[in-house]
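Visitor: My questions concern the predicted model and sequence given below.
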Amino acid sequence: MRKLLNTLYVSSQGAYLRKEGETVVVEVGGEKKLQLPIHTISSIVCFGNVMCSPFLMGFCAERSVAISFLSERGAFLASARGAVSGNVLLRREHYRKADDADSSLSIAINIVKAKLSNSLAVIHRAIRDHGAKINVNLLKDAANKIKRLIKTLSDAKDLDEVRGYEGEGSYEYFAVFDQLILEQKEDFVFNGRNRRPPLDNVNATLSFAYVILSHDLRSALESVGLDPQVGFLHRDRSGRHSLALDMMEEFRSVIADRLVLSLINRRQIAKKEFAKSASGAVTISDSGRKTILTEYQNRKQEEIFHPYIDEKVKIGQLFFIQANLLARHIRGDIDGYPPFFWR
Amino acid sequence: MRESEADPILISALQHAMFCERQYALIHLEQIWEENRFTAEGRVLHERVHTEHKESRRLFRQEYDMSARSPKLGLVGKCDLVEIWLDPKTKQPVRVNPVEFKRGRKKANDVDRVQLCAQALCLEETFNLPIDAGEFYYLQERRRVGANIDDSLRARTIALIDKIRAINISRKTPIAIYDKKKCDRCSLIDFCMPKYAAKSVNRYMRYQTAKTLES
Ligand code: SF4
């Protein structure tokens, strides 16, 4: 399987990135802090006030290393990339399928099925591992509701219906999510999803985890020649990466949510990393973000079984595999899009 | 404009189609390209060819890195070296010889011979001369070996060109057929996913959904 390359995250404010030979150099305060060969990096993510030399940008574009610029909090600002990959045929088919109601519907159903199935798996895992500490009845009840939604999904007539089931399923899942927080419960209270801005510590961490996940999916889609802006489940809206959001659905719970839960439950992140502004918005400190990023990178090295590929793969490779499977389906190699099921 | 002119086939693409038609389509239709050791080496070799001197005597010329094309076959490409002999009286070419550089010591294989034949077909059209032989030049050993361009090689080369044209016109990437010997050393295996090309997604979805529901 393809080599798993690293994403370089730069969050030191005032950092300057430049090219030196075949390497990327990170300077902070005029001092060389890091130097990496370009062939070990798949993409670069800059948080806040981080600068890149134009030569580095050109170099990255040439080597198809995507550079994203996010705000310090992780809101998407801009990205730099070179000429789009030459696969015009694939993109045309992509747009055709996105315009075709039946094709979009079948892709969307598969994605949402996997999404709901994976959030169900997160609930089941919690019952299995911590059944003594949590309200099992509440969780089982939510699990049954989600199962019913998965069953009805197969008969969905249109995308709105699929989106409806997806919304209901997420609601049921997040309604019991608080049960999965086992430690530091007084500092990490969860009363449902909120975002833009997140209003509590759990939501702030979830939002941040989703941002880094979506960046990886966007790069994976670009690397196989798909257009991350044109989605099947999510509607196009300019500036929004609808396809990256589609692909994220099957990974949210098993990758991002589990990451957040284990950071809290293993006390790797604590109250002191969060600050609440006058408006109620919660922000994460520099060191808190660093902890999340490091743990995320570690997770990507872990192996996981992929039931379609029928092989163990590194978590970090899943994004490329799913993007490529979607591309293969769009080009007509396989009779549908096989999403990832966590078992 | 004829289809063959609108959509010329690269001589260098013949090797991909000969190895695997799907690989040809992935590289040339879908433009997927994994940089690997061989392409990097290819570049180094190319740079060296440019620095070689050009030999030119009164009745003998050497053209390095010469463009070659055949409008008739819809073929374009490059020859590492073309040697041209001129007639003493008319100063017109009377014999033309394509020379293909080989970096390793390995004997020229069928892929190499088809490539050389394609060059010869182009040069025949350009110079309006029959070409029945070419040469391989082994750079490491500084040794030349002659190669016949016979009828069976011509027939195979033309059949391959026809096959490629059919793929180009259909704009369809042929389905993958997993072949351990071939696929496991193909640089595109991760994009191609040959093991899953025929695996039913509908069945997979039914199975996974059932598994979830009974969990
Ligand atoms: S992996 Fe196999 S089927 Fe796919 S392009 Fe390579 S040789 Fe052809």
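Guide: Sure thing, it's come through.

Visitor: Low-confidence regions, chain B specifically.
Guide: Applying pLDDT under 70 to chain B flags residues B:1-6, B:33-57, B:197-198.

Visitor: in it, which spans are helices?
Guide: With helices called from DSSP state H, chain B shows them at B:3-6, B:14-19, B:21-28, B:37-51, B:110-127, B:151-170, B:180-183, B:189-192, B:201-213.

Visitor: Deepest-packed of these, please.
Guide: helix B:21-28 (a mean of 23; mean count of other Cβ atoms under 10 Å in any protein chain shown). (Glycine included, C-beta is placed from N, CA and C.)

Visitor: Now do the contacts for residue 174.
Guide: With no chain named, the answer covers chain A. A:Phe190, A:Gly192, A:Arg193 (Cβ atoms under 8 Å, 6 or more residues apart in numbering or on different chains).

Visitor: that's the wrong chain, I wanted chain B
Guide: Neighbour list for B:Pro174: B:Glu21, B:Arg22, B:Ala25, B:Ile167 [criterion: Cβ under 8 Å, 6+ apart].

Visitor: what does A:Asn6 give?
Guide: A:Asn6 neighbours (Cβ under 8 Å, 6+ apart): A:Leu36, A:Thr40, A:Ile41, A:Ser42, A:Gln297.

Visitor: what about the second one, distance to B:Asp87?
Guide: Same thing as A:Thr40. Separation of A:Thr40 from B:Asp87 (Cβ to Cβ, to the nearest Å) stands at 58 Å.

Visitor: ditto for A:Ser242
Guide: A:Ser242 is 68 Å from B:Asp87, where distance means Cβ to Cβ.

Visitor: Among these two, which residue is more densely surrounded?
Guide: Legend: neighbour count by other Cβ atoms under 10 Å in any protein chain shown for A:Ser242 and B:Asp87, higher for A:Ser242 (19 against 11).

Visitor: gap between the more buried one and the ligand?
Guide: Distance, A:Ser242 to the ligand, by Cβ to the nearest ligand atom, to the nearest Å: 30 Å.

Visitor: where does the closest residue to that residue other than its chain neighbours land in three-state SS?
Guide: The spatial neighbour of A:Ser242 that comes closest, neighbours along the chain excluded (Cβ to Cβ, 6 or more residues apart in numbering or on different chains), is A:Gly231 at 2.9 Å. Classification of A:Gly231 using DSSP: H, G, I helix; E, B strand; the rest coil returns coil.

Visitor: mind checking pLDDT for A:Gly231?
Guide: Reading off the confidence values, A:Gly231 has pLDDT 87.

Visitor: Any residue of stretch B:189-203 touching the ligand?
Guide: Yes. Stretch B:189-203 lies within reach of the ligand by Cβ under 6 Å from any ligand atom, at B:Ile189, B:Cys192, B:Pro194.

Visitor: So which bits of stretch A:262-282 are buried?
Guide: When burial is assessed from 16 or more other Cβ atoms under 10 Å in any protein chain shown, stretch A:262-282 yields the following buried residues: A:Leu263, A:Ile264, A:Asn265, A:Ile269, A:Glu273, A:Phe274, A:Val282.

Visitor: Please read the previous query as pertaining to stretch A:93-100.
Guide: Applying 16+ other Cβ under 10 Å to stretch A:93-100 flags A:Glu93, A:His94, A:Lys97, A:Ala98 as buried.

Visitor: any chance of the helices of chain B in TSV, plus distance to A:Asn137?
Guide: Below are the helices of chain B laid out as TSV (distance: least, Cβ to Cβ, whole Å):
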stretch	distance to A:Asn137
helix B:3-6	69
helix B:14-19	60
helix B:21-28	53
helix B:37-51	59
helix B:110-127	67
helix B:151-170	59
helix B:180-183	51
helix B:189-192	45
helix B:201-213	20
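
Visitor: Find me the pLDDT at A:Ser262, would you?
Guide: 94.

Visitor: still on that earlier bit, tell me which of the buried residues of stretch A:262-282 is nearest to A:Val88?
Guide: A:Val88 lies nearest to A:Leu263 out of those, by Cβ to Cβ, at 42.4 Å.

Visitor: what's near enough to touch the closest one?
Guide: Applying Cβ under 8 Å, 6+ apart, the residues contacting A:Leu263 are A:Thr205, A:Ile269, A:Thr291, A:Ile292, A:Glu295.

Visitor: Give me the subset of these lying in helices.
Guide: Of the contacts of A:Leu263, the ones assigned to helices by DSSP H are A:Thr205, A:Thr291, A:Ile292, A:Glu295.

Visitor: Residues of chain A that sit close to chain B?
Guide: For chain A, the contact set with chain B under Cβ under 8 Å from any Cβ of the partner chain comprises A:1-2, A:85-87, A:89-90, A:110, A:113-114, A:117, A:120-121, A:124, A:147, A:150-151, A:154, A:224-225, A:307-309, A:320, A:324-325, A:328-329, A:331-338, A:341, A:343.

Visitor: can we see that at 7 Å?
Guide: For chain A, the contact set with chain B under Cβ under 7 Å from any Cβ of the partner chain comprises A:1-2, A:85-87, A:89-90, A:110, A:113, A:117, A:120, A:124, A:147, A:150-151, A:307-309, A:324, A:328, A:331, A:333-338, A:341.
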